[in-house]
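>>> below are the sequence and a predicted model for it; my questions follow.
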Protein chains: 2
Amino acid sequence: MKELDPILHSQLRLAVMSILMNVEEADFVYLKEQTESTAGNLSVQLDKLATAGYITVTKSFVGKKTRTTCQVTQQGREAFEQYVEALKSYLNL
Amino acid sequence: MKELDPILHSQLRLAVMSILMNVEEADFVYLKEQTESTAGNLSVQLDKLATAGYITVTKSFVGKKTRTTCQVTQQGREAFEQYVEALKSYLNL
DNA sequence: AAATTTGGTTTATATTATAAACCGCTTTAT
DNA sequence: ATAAAGCGGTTTATAATATAAACCAAATTT
């Protein structure tokens, strides 16, 4: 049985990665809405993904307001693809 | 985003269910070998699956030795199928 | 008959996920 | 101008989970 990457095997982190795989970038507010998560939880999970090198997090200003945008990295893409392959062996897909 | 059933969203429990979905029944020793888990961990996770009603656990004797066999229940099958469907929406399958 | 193995269970510990509390800045209302 | 409320988060405390270590009874081997 293949290992399931524990960084990806978490509902919220997987949801975030799933969104980021289909989009150039997404900001904190958008991710929070789509995943229906609390800000605190999202913040922690984004950190973990960033620390793992799976996403980059960039802070900028839009007018006077801060904006935190996220992008998946190449490493993140590869990890996601691998995770999907590993899962398939569990799900009989 | 769909919920991912937390009882199934666990590597070891998912592995066990995955095995049981493809086989009439499987015993403790076999599951332990296939999943490469420790006995303690397996015991706990089988309990959780049983408590959730996803599997039945039956103890019997083979000669003088005890044997613990597991089978997936109808409820377990349905939960597994649903879990797969939910996951698909995350994985773009 | 002592030591080892088998087939587990129980309990303690480490890890993870989640929510609650907080913080600085901005906008709105008074 | 100032208090109150809102936005965009982060930090920290707590609850839940997974995992391994310790243990146990019966059977087998030496």
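Arrived safely, thanks for sending.

>>> switch to C-alpha atoms for all contacts and neighbour counts from now on
Fine.

>>> burial of the residue nearest to residue A:52 when sequence neighbours are not counted, as a residue count?
Distances taken as CA to CA, 6 or more residues apart in numbering or on different chains place residue A:7 nearest to residue A:52, at 7.7 Å, with adjacent residues excluded. Residues contacting residue A:7 under the criterion other CA atoms under 10 Å in any protein chain shown number 16.

>>> got a list of what residue A:7 touches?
Residue A:7 sits next to A:13, A:48, A:49, A:52 when contact means CA atoms under 8 Å, 6 or more residues apart in numbering or on different chains.

>>> make a markdown table from those and add distance to residue B:84 and neighbour count to it.
Listed next are these as a markdown table, based on distance: CA to CA, whole Å; neighbours: other CA atoms under 10 Å in any protein chain shown:
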| residue | distance to residue B:84 | neighbour count |
| --- | --- | --- |
| A:13 | 18 | 21 |
| A:48 | 25 | 16 |
| A:49 | 24 | 21 |
| A:52 | 26 | 13 |
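
>>> would you check how far apart the residue nearest to residue A:52 and DNA strand D are?
12 Å (CA to the nearest atom of the strand, to the nearest Å).

>>> same question for residue A:43.
Note on residue A:43: its distance to DNA strand D, by CA to the nearest atom of the strand, is 4 Å.

>>> got it, and residue A:54?
Distance check for residue A:54 against DNA strand D: by CA to the nearest atom of the strand, it reads 16 Å.

>>> what's around that residue, how many residues?
By other CA under 10 Å, the residues close to residue A:54 number 23.

>>> my guess is it meets residue A:77, correct?
Yes - proximity of residue A:54 to residue A:77 meets the contact threshold set by CA atoms under 8 Å, at 7.4 Å.

>>> now do the strands in chain A.
In chain A, the segments counted as strands under DSSP state E are A:26-27, A:55-62, A:65-72.

>>> and these as JSON lines, adding mean neighbour count, mean pLDDT and distance to residue B:20?
Shown next, in JSON lines, are the strands of chain A (neighbours: other CA atoms under 10 Å in any protein chain shown; pLDDT from 0 to 100; distance: least, CA to CA, whole Å):
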{"stretch": "strand A:26-27", "mean neighbour count": "17", "mean pLDDT": "98", "distance to residue B:20": "39"}
{"stretch": "strand A:55-62", "mean neighbour count": "14", "mean pLDDT": "95", "distance to residue B:20": "36"}
{"stretch": "strand A:65-72", "mean neighbour count": "16", "mean pLDDT": "96", "distance to residue B:20": "35"}
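
>>> out of those, which gets nearest to DNA strand C?
When the strands of chain A are compared by CA to the nearest atom of the strand, strand A:65-72 sits nearest DNA strand C, at 5.4 Å.

>>> report the angle between the closest one and strand A:55-62.
Relative orientation of strand A:65-72 versus strand A:55-62 (axes from the mean of the first three to the mean of the last three CA atoms, to 10 degrees): 160 degrees.

>>> so who does the residue lying closest to residue A:42 once chain neighbours are set aside touch?
What sits nearest to residue A:42 in space, not counting adjacent residues and going by CA to CA, 6+ apart, is residue A:32, at 6.8 Å. By CA under 8 Å, 6+ apart, the contact set of residue A:32 is A:38, A:39, A:42.
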